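>>> One predicted model, sequence on top.
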Amino acid sequence: MIVNFVAAHPMAAGFLEGPALWFGNRGTGFVLLMLLTLSTVLGVLSTARLSLRRWPRMLSQGLHRNVSLLAVTFLAAHVATAVVDTFLMYRSLRKKLAAKFGDEAAATKGNGMYSAMRAFQMRRSRLPRPQVDRASPTFLAVFKRK
């Protein structure tokens, strides 16, 4: 499904191959965090029935509904980018494993789940610990375009 879309739309291939998808995932997560915070504050203010003379409660409730709807939309975008990013990482990992160790290693079932779970963990809490320092040239070479 994604491969057919990329083949049909060359601009999508550039977005899906580079770090733009990773930044899109992090960006939607940050905006989602801000929207959920704003929605919670507006919900508390609406429940407490606090209002100003120039800002009626009806406006607060309407704004709360719209911000909540926008937050749900960003949640869907965040989940979609995370799933697509993980799928593309898994596909790239299979190619690299097949090139280095042969097709048998790439076909091992545990590699995909291990790489997906490791990608979703925070770097500090990963077990086993990362063996490459973040600032080392070998770590940064992975992110360079070829």
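Yes, it's here. Residues are numbered from 1 along each chain as shown.
>>> In contact with Gly24: list those residues for me.
Residues near Gly24 by C-beta atoms under 8 Å, 6 or more residues apart in numbering: Thr81. In this view, the C-beta of every residue, glycine as well, is placed from N, C-alpha and C.
>>> I'd like the next helix or strand past the helix or strand where it lies.
Secondary structure assigned from DSSP states H and E places Gly24 in helix 20-47. Sequence-wise, the next helix or strand downstream of helix 20-47 (DSSP H and E) is helix 57-101.
>>> okay, the angle between that next one and helix 20-47?
150 degrees (axes from the mean of the first three to the mean of the last three C-alpha atoms, to 10 degrees).
>>> Report all helices and strands that helix 57-101 contacts.
With contacts defined as 3 or more C-beta pairs under 8 Å, 6 or more residues apart in numbering; DSSP states H and E, helix 57-101 has these neighbours: helix 2-8, helix 10-17, helix 20-47, helix 103-106, helix 109-120.
>>> Recalculate using a threshold of 6 Å.
Judged by 3 or more C-beta pairs under 6 Å, 6 or more residues apart in numbering; DSSP states H and E, helix 57-101 is in contact with helix 20-47, helix 103-106, helix 109-120.
>>> Of all these, which one is nearest Thr81?
helix 20-47 (4.1 Å; C-beta to C-beta).
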